[in-house]
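> The following block contains a protein sequence and its predicted model.
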Amino acid sequence: METEVGKITHFYKKIGVAIVEITLAPLKVGDLIRIRGKHTDFTQPVTSMEIEHQKVQEALPGQVIGLQVIEPVHELDSVFKIVEETP
């Protein structure tokens, strides 16, 4: 199951960092995410997040984070947290 957590607002190609506005749900280091948009669709674990150049372990709705990404992303791409469903 996927839960939307936010949107990409900017991408720094040289350093592979996406700026993500967290709007709907918290995000933690270690979470598995999917980034999807018109030209983007891939899955990766959250390995590193920063707020104002300070490493953080969790980001809450209303915060803006820098997120290390493994592929290029685009503005307005959606970020989803993948949650395993329990039977």
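Good, I have the coordinates.

> Every contact and neighbour count from this point should use C-alpha atoms.
Fine.

> So which residue is smack in the middle of the protein?
Val79 (5.1 Å; Cα atoms, centre = their mean).

> My read is that that one contacts Lys7, right?
Yes: Val79 is within contact range of Lys7, at 5.7 Å (criterion: Cα atoms under 8 Å).

> then the biggest strand by length in the chain to PDB, C-alphas only?
Across the chain, the strand with the greatest residue count (assigned by DSSP state E) is strand 2-12. C-alpha atoms of strand 2-12 as PDB (Å, rounded to 0.1, in the frame of the first residue of the first chain):
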ATOM      1  CA  GLU A   2       1.200   3.500  -0.800                       C
ATOM      2  CA  THR A   3       0.600   6.600   1.200                       C
ATOM      3  CA  GLU A   4       1.400  10.000  -0.300                       C
ATOM      4  CA  VAL A   5       3.700  12.100   1.900                       C
ATOM      5  CA  GLY A   6       4.500  15.100  -0.300                       C
ATOM      6  CA  LYS A   7       5.700  16.600  -3.500                       C
ATOM      7  CA  ILE A   8       9.000  17.500  -5.100                       C
ATOM      8  CA  THR A   9       9.500  21.200  -5.300                       C
ATOM      9  CA  HIS A  10      13.100  21.300  -6.600                       C
ATOM     10  CA  PHE A  11      15.900  19.000  -7.800                       C
ATOM     11  CA  TYR A  12      19.600  19.600  -7.500                       C
END
